[in-house]
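Undergrad: Could you work out the structure for the sequence below:
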Amino acid sequence: MGRAEYEEEVRGWLDLQMVRGRYSSTFMRQLAEMMEQRSGHVFLIYNEIASLEGADHARPTGTKDAQPLAGVLRGLMHKHYFQPGSILKNIQNFMSSRRCEALIKKVQTRVDVPDEQKINYLLHTASISGLERRSQSRKLTGEWIVYKRHDNANYYLTLGSHANTDVILERVLACRSEFPELRLPR
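TA: The predicted model follows:
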């Protein structure tokens, strides 16, 4: 499959998720590139979009609620989407939480688990159970879907991450000609 076929496939999937929303060509191309290079799981992103759109077929995602961005990206929203590359960060977040501290204390005091098995039990619980707990409490973090809410519709502009606000801003500014009504940052 060539790039054009991936783009066409992505358009088809995005159109299935949309209730009122729209998407930029930048956003569509990023998803097509991700699909072509197999660098991420686009269907996890489609499900986040379906959830944001209130589509009947959306499944629970376990990620944090959408939140406004600040600084140079003020006026835009972001929604986390989970990818396998986010597993370690989510385990780190769990390990630094009070829930993990309580778990360690609980494991240390268990007399029914031999000392030599406690570390295995703790590692399993902190990683697998930690991810499950973060998902159940909708605290999974990951990369971002960056969008603008306008006239009761979401305009999906770009994908991004915590570390690249300059790149996000550049991509958002490139969307101004597609969506002049949004009054995007200058």
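
Undergrad: Run a quick check on residue 118 versus residue 108, I expect a contact.
TA: Yes - counting by C-beta atoms under 8 Å, residue 118 sits close enough to residue 108 to count as a contact (7.3 Å). Where C-beta positions appear, they are placed from N, C-alpha and C, glycine not excepted.

Undergrad: Looking at the two, which is more packed in?
TA: When residue 118 and residue 108 are compared for neighbours, residue 118 comes out ahead with 14 against 11, by other C-beta atoms under 10 Å.

Undergrad: Could I get the phi/psi values of that one?
TA: Dihedral pair for residue 118: phi -60, psi -40, per degrees, to the nearest 10.

Undergrad: Excluding residues flanking it in the chain, which one is nearest it?
TA: Nearest-residue entry for residue 118: residue 107, 5.5 Å, with adjacent residues in sequence omitted and distances by C-beta to C-beta, 6 or more residues apart in numbering.

Undergrad: Let me know the pLDDT of the one you found.
TA: As predicted, residue 107 sits at a pLDDT of 83.

Undergrad: wait, what's in contact with it?
TA: Shown here is residue 107, whose contacts under the criterion C-beta atoms under 8 Å, 6 or more residues apart in numbering are 113, 118, 121-122, 125.

Undergrad: my read is it is in a helix, agree?
TA: Yes - when classified by DSSP: H, G, I helix; E, B strand; the rest coil, residue 107 is found to be part of a helix.

Undergrad: From residue 137, how far off is it?
TA: Noted for residue 107: a distance of 20 Å to residue 137, by C-beta to C-beta, to the nearest Å.

Undergrad: now swap in residue 17 and tell me
TA: Using C-beta to C-beta, one gets 25 Å for the distance from residue 17 to residue 137.

Undergrad: Which of the two has more residues huddled nearby?
TA: Looking at residue 17 and residue 137 with other C-beta under 10 Å, you find the greater number of neighbours at residue 17, namely 21 against 11.

Undergrad: Give me the distance between the more buried one and residue 79.
TA: For residue 17, the distance to residue 79 under the criterion C-beta to C-beta works out to 13 Å.

Undergrad: Which of the contacts of residue 107 fall in strands?
TA: In this view, the contacts of residue 107 have no member that belongs to strands under DSSP state E.

Undergrad: Could you export those residues as a markdown table, including distance to residue 183?
TA: Below are the contacts of residue 107 laid out as a markdown table (distance: C-beta to C-beta, whole Å):
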| residue | distance to residue 183 |
| --- | --- |
| 113 | 59 |
| 118 | 57 |
| 121 | 54 |
| 122 | 51 |
| 125 | 48 |
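
Undergrad: Quick one, which of these are buried?
TA: Among the contacts of residue 107, those scoring as buried are 122, 125 (criterion: 16 or more other C-beta atoms under 10 Å).
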